[in-house]
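Novice: How does the following fold in three dimensions:
(chains A and B)
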There are 2 protein chains.
Amino acid sequence: MSERIRLGLVGIGKIARDQHLPALEGDDRFELVATASRNASVDGVAAHKDIESLIAGGHDLNAVSLCTPPEGRYDQARIAIEAGLNVMLEKPPAATLTEIADLAERARAHGVTLFTTWHSREAAGVEPAKAWLEGKKITAARITWREDIRRWHPGQEWILAAGGFGVFDPGINALSIVTKILPDALLLDQAWMEVPEGRASPLRAKLHMRSGGAVVTADFDFLQTGPQTWDIEVDTDAGTLRLGMGGSILQLPGETEQKAPDREYARLYARFADLVAARESDVDVRPLQLVADAFLVGERTIGETFAF
Amino acid sequence: MSERIRLGLVGIGKIARDQHLPALEGDDRFELVATASRNASVDGVAAHKDIESLIAGGHDLNAVSLCTPPEGRYDQARIAIEAGLNVMLEKPPAATLTEIADLAERARAHGVTLFTTWHSREAAGVEPAKAWLEGKKITAARITWREDIRRWHPGQEWILAAGGFGVFDPGINALSIVTKILPDALLLDQAWMEVPEGRASPLRAKLHMRSGGAVVTADFDFLQTGPQTWDIEVDTDAGTLRLGMGGSILQLPGETEQKAPDREYARLYARFADLVAARESDVDVRPLQLVADAFLVGERTIGETFAF
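Specialist: You can find the predicted model right below:
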């Protein structure tokens, strides 16, 4: 495809303004021709209230990118796929695994691209970390993902409601990185969660996993005040690799820290353009599948009540 | 393949004796050449303690059938696949979705058959129910699966432990039938579970699902004394179809009940032989995926303590 991809952006909230709009502006393979959002719009871009009217709007669209909340995303994605549009999905791609599986099948049937994005995988250190680990013997890995819910999700009651995933909302970013950089399948053995009294989703979780011969642990905490931690350490026969700051800082044994500017969303859109040009899909459910596995087999304890 | 399939049976417990052994005896495409079981054996059949020794036993095996508990099944299946054997799995096929996805990939890579069985799908009424529903407009469906845990699972504490699935252990049979007979994808919207105080898995659950334009509900109860109920009703523009007794009785509108003898496991092994001959796999994760979705997005309440 030599012409630009005429794209509709659905869900004009914080993530759209902070990440999607700048990424689209910086990529001349895309032309943002219209938006859909109940309450918001983008200056100079045709605005619709919902995806039905966006698609019916005569914009000659090639694709939509959905950054609405995951609960309604299945219906929107299905409408777009059935209208013959290529679809890019924010993380997590849908509310349930069955929804994603069904969307993947529909995209295949309609011959359109479906791209389930995991933005943390595009952090600067992730690709070189994966490359460095190739061929090394991995003996253990530790994920430490501890952040302050009140600072990053102020007042977002939905995140602790049923289907909100609780501390797995940030934790799934770590799982998206680890499933990318580890060469062997990452399998869950056990999980423990602490759910505050009166809420449905956990504020804390620990996972015990394995990958090849390595034990992989995860420590997710939503009540971390002071310094925040988004670290992954991987022990190998050549020393310990450390990914810090959500994947953006890479420290290899005996080397100085590598740090590069954040280009996560620029890379996601570049990949989407490549997929559309190749008429391929990229549907990787592994991060959400691990979260579902943890809810399926995990043990729960009830913790103290929590208020924002 | 004109020669018989030389099969090893792993896990000699109640389900092996009640179902697998009679089915194997009645199918001359199979020859049961050895078993693996920690404590049990079958008269006249070579006995091993575990799958490693079964495979190393010089039996010239073509396949194994695993009816051990789901927690250890991944490792056994992986060993068998990597030894080039075709593999049949009891339900649920593994402890987590990630395990099944990984086994499916390994079976592909090794060119062997993997068959995730769902025995209730082979109940006598299921195939004719599916055929009758084809082309009809389905407006609603109701699953009622109410049985007495003390009668069917006496003393089985594991079923209420983490990973035991609780009332979803029988309920997954209903989900395996419904995902087979409904023409559209079955998607979960909401779930409610009641977990007894001090236990990890639910004794009761209700699911709210949709398939095409139809609302599909499920009522799972593990505390049903007196008459037991394993019913599925599907409302259509041509009247209501009713599957009773776990799929073995079919009642079509205006007709008398259809009932046929139980041939579930005979049909499973016949299908396995066909898959092996065709060098194909049948890995359908949808029933377990719906259970995981329910745990992922469901609301929980704590109920009264339960003792067997």
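
Novice: ok, now which ones touch A:F220?
Specialist: Listed by C-beta atoms under 8 Å, 6 or more residues apart in numbering or on different chains, the contact set of A:F220 reads A:143, A:145-146, A:167-168, A:170-171, A:174, A:202, A:204-207. Any C-beta I mention is one placed from the backbone N, CA and C, and that applies to glycine too.

Novice: can you do 10 Å?
Specialist: Contacts for A:F220 were tallied using C-beta atoms under 10 Å, 6 or more residues apart in numbering or on different chains; they are A:143-147, A:166-172, A:174-175, A:191, A:193, A:202-207, A:294.

Novice: What's opposite it in the beta bridge?
Specialist: A:W145, A:A205 (DSSP bridges).

Novice: these two touch, right, A:A205 and A:L223?
Specialist: No - the pair A:A205 / A:L223 is not scored as a contact, 11.9 Å apart, by C-beta atoms under 10 Å.

Novice: the more surrounded of these two?
Specialist: A:A205 (27 against 17; other C-beta atoms under 10 Å in any protein chain shown).

Novice: shaky segments in the stretch 101-250 of chain A?
Specialist: Counting by pLDDT under 70, the stretch 101-250 of chain A contains no low-confidence segment.

Novice: and the closest residue to A:R199 other than its chain neighbours, backbone torsions?
Specialist: Take A:R199 and drop its neighbours on the chain: the residue closest to it by C-beta to C-beta, 6 or more residues apart in numbering or on different chains is A:L160, 4.3 Å away. Backbone geometry at A:L160, expressed as degrees, to the nearest 10, gives phi -100, psi 0.

Novice: ok, longest strand in chain A?
Specialist: In chain A, assigned by DSSP state E, the strand with the most residues is strand A:186-196.

Novice: Could you list the buried residues of that one?
Specialist: Across strand A:186-196, burial judged by 16 or more other C-beta atoms under 10 Å in any protein chain shown covers A:L186, A:L187, A:L188, A:D189, A:A191, A:W192, A:M193, A:E194, A:V195, A:P196.

Novice: of the residues you listed, list those near chain B.
Specialist: A:L186, A:L187, A:L188, A:D189, A:A191, A:W192, A:V195 (C-beta under 10 Å from any C-beta of the partner chain).

Novice: which residues touch the host helix or strand of A:S53?
Specialist: Here A:S53 sits within helix A:51-55, counting by DSSP states H and E. For helix A:51-55, contacts defined as C-beta under 10 Å, 6+ apart pick out A:8-11, A:33-37, A:46-48, A:61, A:64, A:66, A:68, A:72, A:75-80, A:82-85.

Novice: what ranges do the helices span in chain A?
Specialist: A:14-15, A:21-25, A:51-55, A:73-82, A:97-110, A:126-133, A:149-152, A:168-181, A:264-278, A:286-297 (DSSP state H).

Novice: which residues does the nearest residue to A:T35 once chain neighbours are set aside contact?
Specialist: In this structure, A:T35 finds its nearest non-sequential neighbour in A:L9, 4.9 Å apart by C-beta to C-beta, 6+ apart. By C-beta under 10 Å, 6+ apart, A:L9 lies in contact with A:16, A:20-21, A:24, A:30, A:32-37, A:42, A:45, A:54, A:63-67, A:88.

Novice: same question, A:F222
Specialist: Counting by C-beta under 10 Å, 6+ apart, A:F222 makes contact with A:145-150, A:152-153, A:159-160, A:166-171, A:194, A:196, A:201-205, A:306.

Novice: do A:G155 as well
Specialist: A:F308.

Novice: Confirm for me that A:L160 is in contact with A:E197.
Specialist: No - counting by C-beta under 10 Å, A:L160 sits too far from A:E197 to count as a contact (11.2 Å).

Novice: shared neighbours of those two, which are they?
Specialist: A:F306.

Novice: quick revisit: list only buried entries from the contacts of A:L9.
Specialist: Using 16+ other C-beta under 10 Å, the buried ones in the contacts of A:L9 are A:16, A:20-21, A:24, A:30, A:32-37, A:42, A:54, A:63-67, A:88.

Novice: what's the neighbour count on A:D18?
Specialist: Residues within reach of A:D18, counting by other C-beta under 10 Å, total 11.

Novice: Quick check: it touching A:H119?
Specialist: No - contact criterion C-beta under 10 Å: A:D18 and A:H119 do not qualify, at 11.2 Å.

Novice: Can you give me the neighbour number for A:E3?
Specialist: Neighbourhood size, A:E3 [other C-beta under 10 Å]: 8.

Novice: Kindly report the same for A:F308.
Specialist: A:F308, neighbours per other C-beta under 10 Å, totals 11.

Novice: From the contacts of helix A:51-55, which land in strands?
Specialist: The strands, defined by DSSP E, take in A:G8, A:L9, A:V10, A:V33, A:A34, A:T35, A:A36, A:A46, A:A47, A:H48, A:V64, A:L66 from these.

Novice: Distance to A:A218 added to the residues you listed, as a markdown table?
Specialist: Formatted as a markdown table, the ones in strands among the contacts of helix A:51-55 follow (distance: C-beta to C-beta, whole Å):
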| residue | distance to A:A218 |
| --- | --- |
| A:G8 | 36 |
| A:L9 | 33 |
| A:V10 | 32 |
| A:V33 | 41 |
| A:A34 | 40 |
| A:T35 | 36 |
| A:A36 | 36 |
| A:A46 | 43 |
| A:A47 | 41 |
| A:H48 | 40 |
| A:V64 | 33 |
| A:L66 | 27 |
